[in-house]
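Enquirer: okay, structure incoming, though there's no sequence with it:
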């Protein structure tokens, strides 16, 4: 069985994912771009600029809010990814989705779409939003798991640290959801 078939078998359909109840007044979507390199599955993240009003300096998946209330959230994820990191929409094969995830500070309900891409993209960063693109292997994310306090949060939360890059908040909850489903496939 090919990796794309294995991934499809453990992901939700877009429709099922959209039906998962999660808090948030505004809908948003992210793309979880995955690729295989060196025998390992990798995920693509962005590091947001330090001077942004919301989620400054945080590591996230590319994505954002809808342009219009009737925009399909899959198209939102693909459009935002193309704008933020230059990944063409036609270079992504959407395989499925993960359950909706809330952001507590900005009150978004994020629908994560998982897409398979080829390795070796030359990223074109949107300079007003993105500082860096990070390609992190799934095995490194698994090894980087911790449950700890971050910033001013008064409780322990799920985090992943890889080569000094700290993934936390809604993005870490999305990663946890992904890993629950694909951990057995991580070396595929």
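Expert: Sure, I can see it. Quantities reported herein were computed from a predicted structural model and do not represent experimental measurements. Numbers count the residues shown, from 1 in each chain.
Enquirer: pull out the buried positions in stretch 67-81.
Expert: 73-74, 76-81 (16 or more other C-beta atoms under 10 Å). Where C-beta positions appear, they are placed from N, C-alpha and C, glycine not excepted.
Enquirer: oh sorry, the question was meant for stretch 153-165
Expert: Neighbour counts over stretch 153-165 (16+ other C-beta under 10 Å) mark 158-162, 165 as buried.
Enquirer: same check on stretch 45-64?
Expert: By neighbour count on 16+ other C-beta under 10 Å, the buried set for stretch 45-64 is 45-49, 55, 58-64.
Enquirer: what sits up against it?
Expert: Contact partners of stretch 45-64, identified using C-beta atoms under 8 Å, 6 or more residues apart in numbering, comprise 28-33, 43-44, 76-77, 80-81, 84-85, 87, 105-106, 110, 112, 128-136, 165-171, 174.
Enquirer: tell me the buried residues within those residues.
Expert: Among the contacts of stretch 45-64, those buried by neighbour count (16+ other C-beta under 10 Å) are 28-33, 43-44, 76-77, 80-81, 84-85, 87, 106, 110, 112, 129-130, 133, 136, 165-171, 174.
Enquirer: now intersect those residues with the strands, please.
Expert: 28-33, 43-44, 110, 112, 130, 133, 136, 165-167 (DSSP state E).
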